[in-house]
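In: This is a predicted model, with the sequence first.
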Amino acid sequence: MVDDSIVKVFWNRVKTMPDRPACMYKSAGSYRPVTWKEQGRTVELVAAGLMSLGLERGDHIVIMSQSRPHWTWADLSILSAAAVTVPVYPTLSPPEVLFLFNHSDSVGGFVENERQANKILESSELPPKLKFMVVVDGPVPTGNHSIQLLTWADLLKRGEEYLAAHTNAVMARAESVKKDDLATVVYTSGTTGVPKGVMLLHSNIFGVLQAMSPLVNLKPDDIALSFLPLSHVYERVGGQFLAVFDGLILAYAESIESVPQNLLEVRPTVITGVPRFYEKVYQRIQLEVKKRPKASQYVLNWALSVSRRAHRKNSNGQGSTPSPLLSSELRIADQVVFSRIRHRFGGRLRIMVSGAAPLAEEVRSFFECIGLHILEGYGLTETAAPVACNTPEINFPGSVGRPLPGIEVKIAEDGEILVRGSSVFAGYYKNTEATDEAFVDGWFRTGDIGDFDENGFLHIRDRKKDIIITSGGKHVAPQFIENMFRSEPLVSNIIVYGDRRKYITALITLSRDGMKTAARNLQIPFKSVEELVHHPKIREELDAMVNRKNETLASFERIKKYAVLDGDFTAEADEMTPTFKLKRKVIVERYRSVLDGLYDRQDLELEDGVPR
């Protein structure tokens, strides 16, 4: 097959690298490798099973499961059958799931287990085009149902029988995939409203992989640990598909909670994360350091100081050569301190990628100091993920790198980032109005505010719709302020508010581990963490922290008042996306009364002429 789609790249891998490991997953307490030949056989059986159920070219099929090898096998099987994959987050509620099944016109679905299946089956009215569902793990739900229900094993058996009578059916269907065929409909995570189905063609995905591969320079002996949701285009393209494209091994984490242990077991050379992941790791390390004796804390601070001096960069993002004496100090710091921290990541990491949101400078700087360089990039679902990225050779702090080859980026008069190129999506599924609004003169409107520096590196400033305009007419970028708090061990989440208000306020949620450490340091007796949330001494710590951050801000950007919430924001409460981005609109509406309480009555703006 000619390599012009990820489907054909996959089958060429199966043919040319049959005995090399393609992926690894945890089974019976240890990681088990799966060769390209074994993976190819599974994908062929699943695709044949789907075809035996009547799957036609261009049909849509949902995958609703936590990330696992079966997710990848189902995805590659759907694409090999020239059909269209529709990822659905398993954390969504039954009404949301029903909407996506209906709107996407899906004829079938892969669901993780019986509980996920019941999100559809317990509906009073099933999606009219739905014909079958495959339950990946466990039995199918009992009862009389109008659609066909199968287990994963049932589908494999059907596939084997189908191939016995139609030997080359799957290969012929895979060969028929054209670059302009629709590959997937990915629904946006919906931070601002009803999800829209982003239509990505095979050419969109393949174009991004072609552009990204030489920049990241992955090798077949690299091992990537996958722990982000495959339902998100970031992990699916930058993790799953890039692993196929470059032929490296993809190891699946058991869960996000198991990542620390899985890092030690897999010892990956590559990980793809979101800022929230790196922030949590950094906070955990900071909390552990605070528990150590003062001498140990001094050694760490000395080592970090040495590394910062040794890794100073010029305006082109290039590092300078440290003096012989500084180089000697750095070697000692690395042996005594940094190597021990890197061991917690498996000891072999050479590429760490961060995307989906801005990374706090303090967090990025810390990892760079200990010898783990994070490459920040920028992309959207509508661009099949990366638009720009830093590289191992040129990694400019605070930027998201330069645009990928073949992708054009320009800045509109109002600061919005506009994109044009082969990776830009074909439109929103069954939503021509939204599609028309997304483009201006052939350029895709990202909705993000940014600019280029003198060396061509792109910098993201904020979301266009998130920019706060105070009643005094001052423009405030909330993400910039929020990122200043991301590295603080005491803070779990923060959201900055103040649109059409006289001053800036914030909602803060606290880290449980951070509160425990603070309580020990401040000698606060407590029986439960919950009683620490509003403790006066914890509030004093927060006040001091906010004051420190405010000193670096312009007067109109400073947080004048804030409220501490009892609990944290969660995806289950629809306050965060599955990739840990805060749903600003949802949170503001939910805590409107709390936010209003931070303003005097006369300070509240009129809305539609009526005081709230």
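Out: Sure thing, it's come through. Numbers count the residues shown, from 1 in each chain.
In: so where do the helices sit in the stretch 301-450 of the chain?
Out: 324-333, 339-343, 361-369, 432-437 (DSSP state H, counting those that start in this stretch).
In: between those, which gets nearest to R558?
Out: Proximity to R558, assessed across the helices of the stretch 301-450 of the chain by C-beta to C-beta, is greatest for helix 361-369 (18.6 Å). Where you see a C-beta, it was placed from the backbone N, CA and C, and this is true even at glycine.
In: The closest one packs against which elements?
Out: Applying 3 or more C-beta pairs under 8 Å, 6 or more residues apart in numbering; DSSP states H and E, one finds that helix 361-369 makes contact with helix 275-291, helix 294-310, strand 374-380.
In: can you do 6 Å?
Out: With contacts taken as 3 or more C-beta pairs under 6 Å, 6 or more residues apart in numbering; DSSP states H and E, helix 361-369 sits against helix 275-291, helix 294-310.
In: Pull the residues that contact that helix.
Out: For helix 361-369, contacts defined as C-beta atoms under 6 Å, 6 or more residues apart in numbering pick out 278-279, 282, 304, 307-308, 374, 487.
In: Redo those as CSV? Include neighbour count, pLDDT and distance to E254.
Out: Converted to CSV, those look like this (neighbours: other C-beta atoms under 10 Å; pLDDT from 0 to 100; distance: C-beta to C-beta, whole Å):
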residue, neighbour count, pLDDT, distance to E254
Y278, 23, 89, 20
E279, 24, 85, 22
Y282, 21, 88, 23
L304, 17, 86, 32
S307, 23, 86, 33
R308, 13, 83, 36
I374, 22, 90, 24
S487, 20, 79, 27
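In: Of the residues you listed, which is the nearest to A211?
Out: I374 (20.4 Å).
In: correct me, but that closest one touches V353?
Out: No - judged on C-beta atoms under 6 Å, I374 makes no contact with V353 at a distance of 7.3 Å.
In: what angle separates the lengthiest strand in the chain from strand 374-380?
Out: Ranked by residue count and defined by DSSP state E, the top strand of the chain is strand 443-452. Per axes from the mean of the first three to the mean of the last three C-alpha atoms, to 10 degrees, the angle that strand 443-452 makes with strand 374-380 is 150 degrees.
In: Name the residues of strand 443-452 that are buried.
Out: For strand 443-452, a neighbour-count test (16 or more other C-beta atoms under 10 Å) marks 443-446, 448-450, 452 as buried.
In: got the residues you listed as CSV, with pLDDT columns?
Out: Below are the buried residues of strand 443-452 laid out as CSV (pLDDT from 0 to 100):
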residue, pLDDT
W443, 95
F444, 96
R445, 93
T446, 92
D448, 88
I449, 88
G450, 90
F452, 94
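In: want to throw those into JSON lines with distance to L215?
Out: Below are the buried residues of strand 443-452 laid out as JSON lines (distance: C-beta to C-beta, whole Å):
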{"residue": "W443", "distance to L215": "23"}
{"residue": "F444", "distance to L215": "21"}
{"residue": "R445", "distance to L215": "25"}
{"residue": "T446", "distance to L215": "20"}
{"residue": "D448", "distance to L215": "21"}
{"residue": "I449", "distance to L215": "25"}
{"residue": "G450", "distance to L215": "20"}
{"residue": "F452", "distance to L215": "18"}
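In: confidence score at R601?
Out: Reported pLDDT at R601 in the predicted model: 67.
In: most remote residue from this structure's center?
Out: In the chain, the residue that sits farthest from the middle, by C-alpha atoms, centre = their mean, is A165; the gap is 42.2 Å.
In: just how off-centre is the least confident helix or strand in the chain by mean pLDDT within its chain?
Out: Lowest by mean pLDDT, DSSP states H and E among the helices and strands of the chain is strand 475-476, with a mean of 76. Centroid displacement of strand 475-476 relative to its chain, using C-alpha atoms, centre = their mean, to the nearest Å, is 27 Å.
In: can you list the residues that contact it?
Out: Strand 475-476 is contacted from outside by 467-469, 557, using C-beta under 6 Å, 6+ apart.
In: repeat that with 8 Å
Out: Contacts to strand 475-476, defined as C-beta atoms under 8 Å, 6 or more residues apart in numbering, come from residues 467-470, 496, 498, 504, 556-557.
In: Inside helices: which ones of those residues?
Out: Among the contacts of strand 475-476, DSSP state H puts none in helices.
In: So which residues of the stretch 51-200 of the chain form helices?
Out: Using DSSP H, counting those that start in this stretch, helices in the stretch 51-200 of the chain cover 69-80, 94-103, 114-121, 152-165, 169-175.
In: Return the set of buried residues in the second one.
Out: Judged by neighbour count using 16+ other C-beta under 10 Å, the buried positions of helix 94-103 are 96-103.
In: What's the local residue count around the residue nearest to F338 when sequence neighbours are not counted?
Out: Leaving aside its sequence neighbours, F338 sits nearest to I370 (C-beta to C-beta, 6 or more residues apart in numbering; 4.3 Å). Residues lying near I370 (other C-beta atoms under 10 Å) number 21.
In: Just list the residues touching I370, thanks.
Out: I370 makes contact with 307, 337-338, 341-342, according to C-beta under 8 Å, 6+ apart.
In: Could you say which of the helices of the stretch 301-450 of the chain is packed most deeply?
Out: Among the helices of the stretch 301-450 of the chain, the stretch with the highest mean neighbour count (mean count of other C-beta atoms under 10 Å) is helix 361-369, at a mean of 19.
In: That one - what's its average pLDDT?
Out: Here helix 361-369 scores 86 as its mean pLDDT.
In: Could you do stretch 254-268 as well?
Out: Per-residue pLDDT over stretch 254-268 has a mean of 93.
In: Relative to G597, how far out is A388?
Out: To G597, A388 is 41 Å away according to C-beta to C-beta, to the nearest Å.
In: So for the two, which residue has more residues nearby?
Out: Using other C-beta under 10 Å as the criterion, A388 and G597 rank with A388 on top: 25 against 12.
In: Which strand residues bridge that one?
Out: Counting by DSSP bridges, A388 forms beta bridges with Y378, P403.
In: which stretches of the protein aren't confidently modelled?
Out: The chain contains residues with pLDDT under 70 at 1, 189-193, 312-320, 579, 601-612.
In: what about the closest residue to G377 other than its chain neighbours, how many neighbours?
Out: Counting by C-beta to C-beta, 6+ apart, G377 lies nearest to C389, which is 3.4 Å off, once chain neighbours are set aside. The tally of other residues near C389 (other C-beta under 10 Å) stands at 27.
In: okay but C389 is in contact with L404, surely?
Out: Yes - counting by C-beta atoms under 8 Å, C389 touches L404, with 6.8 Å between them.
In: which residues do the two both contact?
Out: 212, 215.
In: quick revisit: pull out the buried members of the contacts of strand 475-476.
Out: For those, a neighbour count by 16+ other C-beta under 10 Å gives the buried set as 467-468, 470, 496, 498, 504, 556-557.
In: now, which of those lie within strands?
Out: Among the buried ones among the contacts of strand 475-476, the ones falling in strands (DSSP E) are 468, 496, 504.
In: a markdown table please, covering those and showing distance to P90.
Out: Shown next, in a markdown table, are those (distance: C-beta to C-beta, whole Å):
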| residue | distance to P90 |
| --- | --- |
| I468 | 34 |
| V496 | 31 |
| I504 | 37 |
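In: ok, of the residues you listed, which one's closest to V529?
Out: For those, the minimum distance to V529 (C-beta to C-beta) is 25.0 Å, reached by V496.
In: Next up, the contacts around that closest one.
Out: Residues near V496 by C-beta under 8 Å, 6+ apart: 468, 476, 478, 481-482, 504-506, 559.
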